[in-house]
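J.: Mind folding the following:
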Amino acid sequence: MLSTRFIRSLAIDWNAVPSESYLRGILALTRLETLEFTHDVTVFVGENGTGKSTLLEAIAVAAGFNREGGTYNFMQSTYDDVSELHEALTLVRGFSRPKWGQYLRAETLYNVATLVNTEYAGGYVSLPDLHAQSHGESFLSFIRYAPARSLFILDEPEAALSPRRQLDLAKLVEKGAHEGSQFIVATHSPIVMATKGAQVLSFDEGHVHEVDWRKTDAVRVMRDFLAERLQ
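T.: Predicted coordinates:
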């Protein structure tokens, strides 16, 4: 059966990365040459500095998204700190194109929302006034109002969301995947990791590998913390 995912796999040509690049100091990335997306929802997990967001950003830029977030035709740029990884990365795409797509970064969501309300208002995806919503509500609106068969690349969405809204996000992602959308997410949230049907990839231990979300370090730390404080 042919894959219906928009991004099926990726390959990194490390010969295209300068020898002095800081990327060569990120162990999990330097050991990564190919990666296959086997589920409609893929979740990157791991400690700070292990390369999750760096790879996610490279995937987004290689897929044609604006590097600061938004959809394909957004052109805003406030500060260019994007790594050169996207230049060494090749995406293997599926046979169909997404109807819509978003690369969402919690720290640039305000700028994206402003552009949606002004320069890019009136597109075929109808969104509410995002600045009339809270930060977390506007983040969820991008997914809630998306058409079926969209592509979402989400960088640490929990930064904008309460635990209850993280549960809402997980449900929206599950619903979207059922309708043919694809999600690639980097997160520290055990709630987001627990999204049903997700492929969870850990960047810990110096290599990218599939894990059971219940055995991640984030879940262990949270479980131990609550067990101690709730005594």
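J.: ok, Gly94 touching Arg8?
T.: Yes. Counting by Cβ atoms under 8 Å, Arg8 is a contact partner of Gly94 at 5.5 Å. (C-beta placed from N, C-alpha, C; glycine too.)
J.: dump the residue contacts of Ala28.
T.: Gly46, Thr50, Gly51, Phe203, Asp204, Gly206, His207, Val208 (Cβ atoms under 8 Å, 6 or more residues apart in numbering).
J.: 10 Å instead?
T.: Ala28 makes contacts with 44, 46-47, 49-52, 54-55, 201-209, as judged by Cβ atoms under 10 Å, 6 or more residues apart in numbering.
J.: Buried only: go through these for me.
T.: Neighbour counting by 16 or more other Cβ atoms under 10 Å classes Phe44, Gly46, Thr50, Gly51, Lys52, Thr54, Leu55, Leu201, Ser202, Phe203, Asp204, Val208 among the contacts of Ala28 as buried.
J.: Looking at the residues you listed, which one is closest to Thr38?
T.: Leu201 (10.0 Å; Cβ to Cβ).
J.: quick one: the closest one is in a strand?
T.: Yes. Under DSSP: H, G, I helix; E, B strand; the rest coil, Leu201 falls within a strand.
J.: What separation do you get for it and Pro18?
T.: Leu201 sits 26 Å away from Pro18, going by Cβ to Cβ, to the nearest Å.
J.: And for His86?
T.: From His86 to Pro18 the distance is 14 Å (Cβ to Cβ).
J.: Between these two, tell me which one has more neighbours.
T.: A side-by-side neighbour count of His86 and Pro18, using other Cβ atoms under 10 Å, places His86 first with 18 against 10.
J.: ok so, going back, okay, and which of the buried ones among the contacts of Ala28 map to helices?
T.: In helices, judged by DSSP state H, the following of those are found: Lys52, Thr54, Leu55.
J.: So in the chain, which helix runs the longest?
T.: Looking across the chain with DSSP H, the single longest helix is helix 163-178.
J.: Now that helix: buried residues?
T.: By neighbour count on 16+ other Cβ under 10 Å, the buried set for helix 163-178 is Arg165, Gln166, Asp168, Leu169, Ala170, Leu172, Val173, Glu174, Gly176, Ala177.
J.: again with stretch 178-185
T.: Gly180, Ser181, Gln182, Phe183, Ile184, Val185.
J.: Restricted to helices, list these.
T.: Nothing among the buried residues of stretch 178-185 maps onto helices, per DSSP H.
J.: need the residues you listed in CSV with distance to Met193, can you?
T.: What follows is those, written out as CSV (distance: Cβ to Cβ, whole Å):
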residue, distance to Met193
Gly180, 22
Ser181, 19
Gln182, 17
Phe183, 13
Ile184, 14
Val185, 9
